[in-house]
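> Just need the structure, nothing else, for what follows:
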Amino acid sequence: MIKIKPVIEHEGICRHCGVVLANERVLWQGIHVCVEACCPACGGEYVEDLKVGHATTYPYLIDRASYTLSGHEESKGWLGNPLLHSLQHPAADEQVRLEVEIKEACRDVVIINCIDFLYGHSLLKLLNAERERIENPDIGIIVLVQSFMKWMVPDYAAEVWTVNVPLSKAQQFYPQLDEQISAQCERFEQVFVSRAYSHPSRFNIEHFTKMRPFQMEEPQPGPTRITFIWREDRVWLDNPYVIKAAKRYKLLRMLLKPIIWSQRNKIVKLFSKIRKQEKDVKFSVVGLGRSFAFPDWIDDCRVSKFNLEAELKACEIYASSAVIVGVHGSNMLLPSALGGMVVNLMPADKWGNFAQDILFTEENNRISAYMYRFLPLETKIKVLGKIISSQISGFTHYHDQMKEDIMMSRNG
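Sure thing, here's the model as predicted:
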């Protein structure tokens, strides 16, 4: 974590004369937590990222005089340039406000900034609360979240600061929000900001969802549930570029419905294959979008819009699913954390983001490799069905083999 009160622990360098900058104040841009600083030699003024969230790896610096942006080239498009644009064009929205919920009085606090324009980014930042709780038990945790993520804030948070900014507007800079957060910080003797790592490795998902994940090692009552995670913006299609083109060009938008219909048919065919191979199995489809109906033997739990009730219902299904199947994306984060095993269908252009959408809960490397499968999106349905069936039928034998050394040592 980084201290920002009573002093700002950050050392920036003037791009003109190489002198260490004098930190003036913290700027709460929204996604970014920045420092406003000036050069004591030439008077140059700067805004620079604190190494928080994705800026841990890709920090940016803006020269106020010329509004020149310095930083990592490859991430400028989605991280650096939006920061620059937001500071050049602040948003004037009087409806944006900070709601403060105090659950425990603290002198010293660490703020976890979860604001983001992508759902997955916001969720992953929130999971850093677990590390802060373990590593800094004497410091109160403040979680800064957007309204849609408030339900997942763990009970041990000392305060919850909620902002009513939707994902679609989260890249903007709201000066009144900056002022409100800064004013709240005055209540404390020491204030730190969490690094809010973009891919935290230490978390207990039960603390966030209040639900116990599916336990592969325990006998389960009733049929084995297999759940497909439904999306209509990134579908199960051999060529992912087709739907991108259909969404981008008006003349091709007539293809969207047939593409989604094709996904529906693939799911039915996959479940039908598994149904023939496995006896006591239950099938579910969960996700956003209600296009086209499924046969009665498939539990259709899709919604047209997610709210708290729908989120909780979906999590209950994830936590009762032995296998989660879905196309790579942030839609797989919670299902992978709560469900048993996972089959992640990878589009050709997403292999560089391998496993970024999976929350691994198994610590044994070999058992983890068995439980989490990453397959090309174009994998044949017949092959996919066999893989899933073998995952289910073979788990107990594989698990016992891979952990026999541990089990034998415990038994003497």
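> Every contact and neighbour count from this point should use C-alpha atoms.
Noted.
> tally of neighbours for residue 311?
16 (other C-alpha atoms under 10 Å).
> CA atoms only for the helix or strand hosting residue 343, dumped as PDB, please.
Secondary structure from DSSP states H and E places residue 343 in strand 341-346. Output of strand 341-346 as PDB, limited to C-alpha atoms (Å, rounded to 0.1, in the frame of the first residue of the first chain):
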ATOM      1  CA  MET A 341     -14.600 -27.400 -12.600                       C
ATOM      2  CA  VAL A 342     -14.300 -25.100 -15.600                       C
ATOM      3  CA  VAL A 343     -14.200 -25.400 -19.400                       C
ATOM      4  CA  ASN A 344     -13.100 -22.100 -20.800                       C
ATOM      5  CA  LEU A 345     -13.600 -21.700 -24.600                       C
ATOM      6  CA  MET A 346     -10.900 -19.400 -25.900                       C
END
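> can you list contacts of it?
Contacts with strand 341-346, where a contact means C-alpha atoms under 8 Å, 6 or more residues apart in numbering, come from 236, 322-328, 336, 371-377, 388, 391.
> Likewise for stretch 370-377?
Under C-alpha under 8 Å, 6+ apart, the answer for stretch 370-377 is 236-238, 327, 340-348, 391.
> For the buried ones among these, write the corresponding PyMOL selection.
One line in PyMOL is enough to select the buried ones among the contacts of stretch 370-377; burial here means 16 or more other C-alpha atoms under 10 Å:
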select buried, resi 236+237+327+340+341+342+343+344+345+346+347+391
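> Can I get the buried part of the contacts of strand 341-346 as one PyMOL selection?
Of those, the buried ones go into a single PyMOL selection, burial set by 16+ other C-alpha under 10 Å:
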select buried, resi 236+322+323+324+325+326+327+328+336+371+372+373+374+377+388+391
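> and residue 304, what does it touch?
Contacts of residue 304 by C-alpha under 8 Å, 6+ apart are 288, 289, 290.
> Pull up the gap between it and residue 348, please.
According to C-alpha to C-alpha, to the nearest Å, residue 304 and residue 348 sit 28 Å apart.
> per-residue pLDDT, residue 408?
pLDDT recorded at residue 408 is 56.
> Got the domain ranges for this structure?
Structural domains annotated on the chain: 9-88, 98-205, 209-402, as defined by automatic domain parsing.
> any idea how far the shortest one is from the chain center?
I take that to be domain 9-88. 25 Å (C-alpha atoms, centre = their mean, to the nearest Å).
> what about the stretch 51-200 of the chain, any weak spots by pLDDT?
Within the stretch 51-200 of the chain, no stretch has pLDDT under 70.
> go again using 90 as the cut-off
65, 74, 92-95 (pLDDT under 90).
> For it, which segments count as strands?
Applying DSSP state E, counting those that start in this stretch to the stretch 51-200 of the chain gives strands spanning 61-63, 68-70, 98-102, 108-113, 140-146, 159-163, 190-193.
> What strands line up against the longest one, and which way round?
Paired strands of strand 140-146, with direction, are strand 108-113 (parallel), strand 159-163 (parallel) (DSSP bridges).
> Relative to residue 102, which of those strands is closest?
Of all the strands paired with strand 140-146, it is strand 159-163 that lies closest to residue 102, at 4.6 Å by C-alpha to C-alpha.
> Please find the angle between the direction vectors of the closest one and strand 98-102.
Strand 159-163 and strand 98-102 are oriented at 170 degrees to each other (axes from the mean of the first three to the mean of the last three C-alpha atoms, to 10 degrees).
> roughly how far is strand 159-163 from the heart of the chain?
For strand 159-163, the distance to the chain centre is 18 Å (C-alpha atoms, centre = their mean).
> Give me every residue in contact with that strand, excluding its own residues.
Residues contacting strand 159-163 (C-alpha under 8 Å, 6+ apart): 96-104, 140-147, 150, 153.
> could you flag which of those residues are buried?
97, 98, 140, 141, 142, 143, 144, 145, 146, 147, 150, 153.
> and the fifth one, bridged to which residues?
It stands for residue 142. Beta-bridge partners, per DSSP bridges, of residue 142: residue 111, residue 159.
> quick revisit: which ones among the contacts of residue 304 are found in strands?
Applying DSSP state E to the contacts of residue 304, no entry is found in strands.
> mind putting the buried ones among the contacts of strand 159-163 in TSV, distance to residue 186 included?
Listed next are those as TSV, based on distance: C-alpha to C-alpha, whole Å:
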residue	distance to residue 186
97	18
98	15
140	15
141	16
142	14
143	16
144	16
145	19
146	22
147	23
150	23
153	23
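> Which of those sits closest to residue 49?
Closest to residue 49, out of all of the buried ones among the contacts of strand 159-163 and judged by C-alpha to C-alpha, is residue 144, at 17.5 Å.
> how much space between that closest one and residue 376?
Taking C-alpha to C-alpha, one finds residue 144 at 37 Å from residue 376.
> now the helices for this protein?
For the chain, the helices defined by DSSP state H cover 81-88, 119-126, 128-135, 175-185, 205-209, 240-248, 256-277, 308-318, 333-338, 365-371, 381-402, 404-410.
> So which other helices or strands are in contact with the second one?
Other helices and strands packing on helix 119-126, by 3 or more C-alpha pairs under 8 Å, 6 or more residues apart in numbering; DSSP states H and E, are strand 108-113.
> who touches the strand it packs on?
Here strand 108-113 has contacts from 1, 31, 125-126, 128-129, 132, 139-145, 188-196, using C-alpha under 8 Å, 6+ apart.
> Selecting buried members of those in ChimeraX, what would you type?
One line in ChimeraX is enough to select the buried members of these, burial here meaning 16+ other C-alpha under 10 Å:
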select :1,31,125,126,128,129,132,139,140,141,142,143,144,145,190,191,192,193,194,195,196
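> Could you list the low-confidence segments of the stretch 301-412 of the chain?
306, 348-349, 362-366, 393-412.
> One more pass at 70, please.
Scanning the stretch 301-412 of the chain for pLDDT under 70 picks out the ranges 404-412.
> separation between the spatially most central residue of the chain and residue 358?
Among the residues of the chain, the one closest to the centroid is residue 120, at 2.3 Å (C-alpha atoms, centre = their mean). Distance, residue 120 to residue 358, by C-alpha to C-alpha: 10 Å.
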